[in-house]
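In: What follows is a predicted protein model with its sequence.
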Amino acid sequence: METYIKTNETHLMSDPCLGTVVTDKNVEDVNEKNNKYFTCNVCSQKFYDKRLLGKHYHTHTKEKPYSCDVSHKEFSCTNSLDVHFRIHTNEKPFSCDVCGKGFSQRGSLAKHYRIHTNEKPFSCDVCHTDFSQKTHLNVHLRTHTNEKPFSC
């Protein structure tokens, strides 16, 4: 899954499968040096390496050529498979510098860290209650809509 961010008129594309960030500036730099880059024919995203374009293309085709030997779950890129495999090995390479708790994913550590900072970046538009995680906000929003997605 890709994440797009816009900062100071620079467009960033971060793709965990590629393990890289491509910016408009990166593409311009490559163009100036060798006047060559590769463009995705589906979304027009630009890549300076043909292999990166190939890996990116799996996001459009939904092709999942990599599978876990233990659970047989399939993935579109090796990085996602590596992160998933930590479930089976109980590897937790990311640890909180405040309390020492370990996490298998960097994003999980970032969410956890909000406990220590009391950061609550997600706010309810109805009652203005703040939450540390988007999932907590989504559950809370049901109190305003009376939505009950689960039945007994």
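Out: On my side now, so go ahead.
In: For the protein, just list every one of the strands.
Out: 3-7, 10-15, 20-23, 38-39, 46-47, 66-67, 74-75, 94-95, 102-103, 122-123, 130-131 (DSSP state E).
In: weakest of these by average pLDDT?
Out: Of all the strands of the chain, the minimum mean pLDDT falls on strand 3-7 (a mean of 34).
In: Can you get me a residue count around the nearest residue in space to His112 that is not next to it in sequence?
Out: Spatial nearest neighbour of His112, chain neighbours left out: Cys96 (6.0 Å); criterion: CB to CB, 6 or more residues apart in numbering. In this view, the C-beta of every residue, glycine as well, is placed from N, C-alpha and C. Neighbour count of Cys96, defined by other CB atoms under 10 Å: 14.
In: same question, Leu109
Out: Leu109 has 18 nearby residues by other CB under 10 Å.
In: Name all residues that make contact with it.
Out: 94-96, 103 (CB atoms under 8 Å, 6 or more residues apart in numbering).
In: per-residue pLDDT, it?
Out: 94.
In: do Glu119 as well
Out: pLDDT, read off for Glu119, is 94.
In: Just give me the neighbour total for the nearest residue to it once chain neighbours are set aside.
Out: Spatial nearest neighbour of Glu119, excluding adjacent residues (CB to CB, 6+ apart): Ser132 at 6.4 Å. Using other CB under 10 Å, Ser132 has 18 other residues around it.
In: With Glu119 instead?
Out: 13.
In: roughly how far apart are it and Ser44?
Out: To Ser44, Glu119 is 35 Å away according to CB to CB, to the nearest Å.
In: before we move on, back to that, so the residue nearest to Glu119 makes contact with Ile115?
Out: Yes. If you go by CB atoms under 8 Å, Ser132 and Ile115 touch, sitting 7.1 Å apart.
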